[in-house]
Structure formats: C-alpha cells, structure tokens
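Undergrad: please find the sequence and the predicted model below.
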Amino acid sequence: MVTLSSALKERLSQPLKIGDFEVNSRVLQSPLSGVTDLVFRRLVRRYAPTSMMYTEMVNATGLHYVKQLPKIMEVDPNERPISIQLFDCRPDFLAEAAQMAVAEGADTVDINMGCPVNKITKNGGGSSLLRQPELAGEIVRSVVNAVNVPVTVKTRIGWTDKEINILDFAKRMEDAGAKMLTVHGRTRAQGYNGTAKWEWIAKVKEVLSIPVIANGDIFSVEAAVKCLEQTGADGVMCSRGTLGYPFLVGEVDYFLKTGEAKPTPTPVERLQCAREHLQMLFEYKGDRGVRQARKHMTWYSKGFMGAAELRGQLSTIENVQQGLELIDQAIARLVESSETVQEDEAEAALIPAGAL
C-alpha cells in the first residue's frame, strides 16, 4: 500500500488557496461533459464534502442568446465549493457568461482551454486556444475584469507532441490574471490515449506562482499520490476514474488527510449507488434522465459475477422501473452468492485437520 511522505503530507496540510478563496481539499472533481450534472456531483460530494466540484462545460455563446439558463448550469445553493466551467473563443461573451455564473452561485469561474473534441475546437474553443495564446490571454483578462471571484483555467500541454507550448502558455494565463491552472498531461492529439506526461506538469509548477492542479491518469489513491510526488502539484483532479465510481475523490481526499485508506466499496455497495443514481436522474430529468443514465449504469457494472450481462441489459433500459428491477436482481444474486461462499467456508472450518 502506498504511503504519504512527510514532505508531501506537510505540503498538502494547508487549504488550497485559489486567489482569496480557500478550499479545504486538494482533490477536485473534474468537469465532465454529459456526466457532472447536479445529481452526479451530489453523489461525489457525499464522499468528498469539502472538495471542489465543477459543472459540465457551458457554451458562452449559447448563454448569450437564451432567456433561461440551461440545466447544466444549475447549482444547488448548498453545494459549495462549486465552480462553473465555460468555453468559447469570444472574450466578451465569456465575460458575460462569467457574470451569469457568479449570479448562479459559482465560487470560481473556470475556462476550458483543453477539450480535444472536434466540435469544440473547430469553433475556436477548448484546446484550440493553445494555438492562440494571445487570444487566450485576452479571454482571461476579460473574464477577470468582469467578475469578483477567482478565474481559473483548465488546459493541456500542447496541440501535438511537436507543439508542446504549455510553459509559455501557462505563464501567459498567470500574467493575465488566472488564479489557478489545471493541466491535463496530454496533448490535444492524444485525446485520452497513451499515458499522461506528468513531467510537463512538474515543469509548469516550477514556472508558476499560482496553484497548479495535476490531471490525467488519476484512477486510484496510489496514482494520485504518485502524481503529487512526481509533479509537486498543489492538488489532483479526478476525471474518468470517477465514471461509475463516485467514491474516488473522497478516497483520495481521505488518504491525503489521514494517511489511511478507506475500505473499497463492495460490488453490492456499488450497485446500490447505481440504483440511487438512476432514481435521482429520473426524479431530476424524467425520461431524459433515464436515457442519460444508461451510460452511467454500464460504468457501474464492472468487476463482479454477471457484470457483462448486466451491462448489456442496462444499456438499453426504456424506463426507470426496468432499470431498478435489473439492479435489484443483480444485487440479490450477489448477496446469495456471498452467503453461499460464507456457508461453504464455515462448513470447511468444521472439518478436522487432516480429514481430507
């Protein structure tokens, strides 16, 4: 089992300071499109009550033309600390959207400059801003001047392996007024493939005075500690590791604070969480929530007897009752199997040594 070095424990013992805003956790839940809605954030926060959560990224241009804020921008007044993430390439639209985010309750405003998806980059947003550092700086300055909360940036190390410009880019973001930088240790060309290049995050940390958060390949407590040791980062951001596993942020946070590992959730506990997730999505979004829940349910259904069959069934559910029944049946099978194993072990213990 991994252990915390005394140097790392000391370095992470104080709250994370983002400008004049303090967060009592060094572990953050990444913004994930189609995932980190109000329901998902509530589940993550149950296990990580002091960690910073992020909304799904919100299109600033879209906000400019709507009369009512979209549901993905909705935050619970009690879910703090919370950041609303925005994306676009227009400084004026982003400044306007940032003001809406603050009015909605955002403690910080995050600007996405790392999304690799084509539909985002072809319109000048996301990681395409790595190729437009002057515009990126103008965006940060515009947003900083528009709101009275800290402005942060999430980005990648470069466009391709031949265009890794994160050191210059990061310095520009700090100079423009960003109060924290989250760096995903991959290029845009990598997407989510290959290994995150944590060594570049370490280099960013060396040139900035604002907090640097490490992102990429944080799938376990062990990975989080290793990343923090190697990069010197001020914290870690969990992304894909929380898909179907909203326990991860809390597990990492607890270990960094105590040096002790939380018990790993059993398959039954994971399925009970999946059941609650499905029910909450239905109550929050109706039938649309059930359709959105399909992917979540398949993420939960891994690593236990009958998981593959259950994934296939849950990926096509048409209503909430169908999904709940499938999960309840899977839980019952796992409980029965566990009881059978315990009975067999108890009987084996009664057999005298050498009798077999």
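TA: Looks like it came in fine.
Undergrad: low-confidence ranges in this structure?
TA: For the chain, the stretches flagged by pLDDT under 70 are 339-356.
Undergrad: ranges for the helices of it?
TA: Along the chain, counting by DSSP state H, helices occupy 6-11, 38-47, 60-64, 91-104, 118-121, 133-146, 166-176, 198-207, 221-231, 248-258, 267-285, 287-300, 307-314, 320-350.
Undergrad: count of neighbours near the closest residue to Gly185 other than its chain neighbours?
TA: The shortest distance from Gly185 to any residue other than its chain neighbours is 3.6 Å, reached at Ala196 (Cβ to Cβ, 6 or more residues apart in numbering). All C-beta atoms are positioned from the backbone trio N, CA, C, and that covers glycine. The number of residues packed around Ala196, counting by other Cβ atoms under 10 Å, is 22.
Undergrad: was I right about Ala196 contacting Lys226?
TA: No. Between Ala196 and Lys226 there is no contact, the gap being 11.4 Å when judged by Cβ atoms under 8 Å.
Undergrad: coming back round to it: most tightly packed of the helices of the chain?
TA: Relative to the other members of these, helix 248-258 carries the highest mean neighbour count by mean count of other Cβ atoms under 10 Å, namely a mean of 22.
Undergrad: circling back to that earlier point, export the helices of the chain to TSV and tack on distance to Glu22?
TA: Converted to TSV, the helices of the chain look like this (distance: least, Cβ to Cβ, whole Å):
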stretch	distance to Glu22
helix 6-11	16
helix 38-47	17
helix 60-64	27
helix 91-104	18
helix 118-121	31
helix 133-146	19
helix 166-176	19
helix 198-207	20
helix 221-231	19
helix 248-258	15
helix 267-285	29
helix 287-300	32
helix 307-314	40
helix 320-350	39
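Undergrad: tell me which of those helices lies nearest to Pro77.
TA: Nearest to Pro77, of all those, is helix 91-104, at 9.7 Å by Cβ to Cβ.
Undergrad: hmm, Ala98 is touching Thr152, no?
TA: No. With contact defined as Cβ under 8 Å, Ala98 and Thr152 do not form a contacting pair (11.2 Å).
Undergrad: any shared contact partners between these two?
TA: Overlap between the neighbourhoods of Ala98 and Thr152 consists of Val109, taking contacts as Cβ atoms under 8 Å, 6 or more residues apart in numbering.
Undergrad: what sits against the nearest residue to Ser209 once chain neighbours are set aside?
TA: Leaving aside its chain neighbours, Ser209 sits nearest to Glu174 (7.0 Å; criterion: Cβ to Cβ, 6+ apart). Counting by Cβ under 8 Å, 6+ apart, Glu174 makes contact with Leu181, Leu208, Ser209, Ile210.
Undergrad: what about the second one, distance to Glu138?
TA: Applying Cβ to Cβ, to the nearest Å, the value for Leu208 to Glu138 is 19 Å.
Undergrad: repeat for the last one
TA: Ile210 sits at a distance of 18 Å from Glu138 (criterion: Cβ to Cβ).
Undergrad: can you check the third one too?
TA: As for Ser209, its distance to Glu138 is 21 Å (criterion: Cβ to Cβ).
Undergrad: next: Ile201.
TA: Noted for Ile201: a distance of 25 Å to Glu138, by Cβ to Cβ.
Undergrad: and for Trp299?
TA: Separation of Trp299 from Glu138 (Cβ to Cβ): 38 Å.
Undergrad: one more: Asp328?
TA: 54 Å.
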